[in-house]
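K.L.:
here are the coordinates; sequence isn't available:
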């Protein structure tokens, strides 16, 4: 009886060429044919195709390549409240660094570790010229060159301008960027509300109110006196500009507390299990993030009750 096989797919290589068998084959009958490729020897053609594809891939990679990443410039430090030594416990620091060719904006949250509160910002750097080749600039990255480049930097905390009060390198808002900036670590302490505090009389004048305005008056019926509005930073001419808790809603873990927020102010959130009981701070010295601040009480997982209040202070 004839030995018939139905083989699908390529057989092992014979004499350097892959062969395939299609359909039934009887003994003594050659029905094996090479897998064909255009233009010559099958295996050689496959290698040529692979080379062409590799060349095209490398060319595309070369065209889209950007600068060579370098170790980041690291800025870290504390954020102080006003002219005190009290650190800000929560908020977001944003550094803006510019020179003639680049502009970078990097944000970092204030974190707390063992009662120490600080931020760490990583400024991305890259080399754009190497081996006679020039690479295009990456977004939001500073380019390094062999010669120092003059740069300026400013910092804000939750949108409020911050002042540099200490630099471990003795630098200010102006500095030079060069090869020595690779992996450089600098402590930069900031302060918000530094300098002479605004007086109540100055606040009245800034809103066009008479100097003899009664600080205890509330002509718009907002539930806040003029002096309370001066502390809270609200607009005394707008009846809808008030300092208040606007929402308490369930969060993924606990409860989310939301309150109105005004530039340049600092908040402390407190809670109590009883309305007429003593209140305990949940988080102190929270930077304003207008128009609303939000804090999640992750301990609010039981049946309650829990009562909250928010305190405001001027830096």
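P.N.:
Thanks, I have it. Note that the structure is a prediction, hence the values are computed from the model and not measured. Residues are numbered from 1 along each chain as shown.

K.L.:
I'd assumed residue 299 was in a strand, is it?
P.N.:
No: under DSSP: H, G, I helix; E, B strand; the rest coil, residue 299 sits outside any strand and is assigned coil.

K.L.:
Now do the contacts for the closest residue to it other than its chain neighbours.
P.N.:
Closest residue to residue 299 apart from its sequence neighbours, by CB to CB, 6 or more residues apart in numbering: residue 254 at 6.5 Å. Just so you know, the C-beta spots here come from the backbone N, C-alpha and C atoms, and that holds for glycine as well. By CB atoms under 8 Å, 6 or more residues apart in numbering, the residues touching residue 254 are 296-301.

K.L.:
please redo it, this time with the cut-off set to 6 Å
P.N.:
For residue 254, the contacting residues are 296-298, 300, by CB atoms under 6 Å, 6 or more residues apart in numbering.

K.L.:
where's it relative to residue 306, distance?
P.N.:
From residue 254 across to residue 306, the span is 10 Å (CB to CB, to the nearest Å).

K.L.:
Find the residues that touch each one of the two.
P.N.:
residue 300.

K.L.:
So, low pLDDT: which residues of the stretch 201-315 of the chain?
P.N.:
315 (pLDDT under 70).

K.L.:
Would you map the helices across it?
P.N.:
Shown for the stretch 201-315 of the chain, the helices assigned by DSSP state H, counting those that start in this stretch span residues 226-232.

K.L.:
what residues go with each domain of this structure?
P.N.:
68-192, 200-313 (automatic domain parsing).

K.L.:
The first one: end-to-end distance?
P.N.:
Across its full length, domain 68-192 reaches 36 Å end to end, with CA to CA, to the nearest Å as the criterion.

K.L.:
what does the average pLDDT come to for that domain?
P.N.:
For domain 68-192, mean pLDDT is 92.

K.L.:
List the pairing partners of the lengthiest strand in the chain within its sheet, with orientation.
P.N.:
Determined from DSSP state E, the single longest strand within the chain is strand 116-127. Its sheet considered, strand 116-127 pairs with strand 68-77 (antiparallel), strand 111-113 (antiparallel), strand 142-144 (parallel) by DSSP bridges.

K.L.:
now residue 247, which residues is it bridged with?
P.N.:
With DSSP bridges as the rule, residue 247 is bridged to residue 258.

K.L.:
Begin at 837, not 1, for the rest of this chat.
P.N.:
New numbering, starting at 837: the last item is residue 1083.

K.L.:
From what I see, it and residue 1094 are in contact.
P.N.:
Yes: if you go by CB atoms under 6 Å, residue 1083 and residue 1094 touch, sitting 4.1 Å apart.

K.L.:
Looking only at neighbour counts, state which of the two leads.
P.N.:
For residue 1083 versus residue 1094, the count of surrounding residues by other CB atoms under 10 Å is larger for residue 1094: 16 against 10.

K.L.:
can you tell me which residues contact the more buried one?
P.N.:
Counted by CB under 6 Å, 6+ apart, residue 1094 has contacts 1082-1083, 1128, 1130.

K.L.:
ranking those by neighbours, who comes first?
P.N.:
Within these, neighbour counts (other CB under 10 Å) peak at residue 1130, which reaches 14 neighbours.

K.L.:
How far does the longest strand of the chain sit from its chain's centre?
P.N.:
The chain centre lies 10 Å from the centre of strand 952-963; the measure is CA atoms, centre = their mean, to the nearest Å.

K.L.:
swap in stretch 969-989?
P.N.:
21 Å.

K.L.:
now stretch 1018-1028
P.N.:
Mean-position distance between stretch 1018-1028 and its chain equals 17 Å (CA atoms, centre = their mean).

K.L.:
burial count for residue 922?
P.N.:
There are 16 residues near residue 922, going by other CB under 10 Å.

K.L.:
now residue 1047: how far from residue 1060?
P.N.:
In terms of CB to CB, residue 1047 sits 20 Å off from residue 1060.

K.L.:
more neighbours, the two?
P.N.:
Applying other CB under 10 Å to residue 1047 and residue 1060 shows that residue 1060 carries more neighbours, namely 19 against 8.

K.L.:
how far away is that one from residue 1054?
P.N.:
6 Å.

K.L.:
what do you get for residue 999?
P.N.:
On the measure of CB to CB, residue 999 and residue 1054 end up 34 Å apart.
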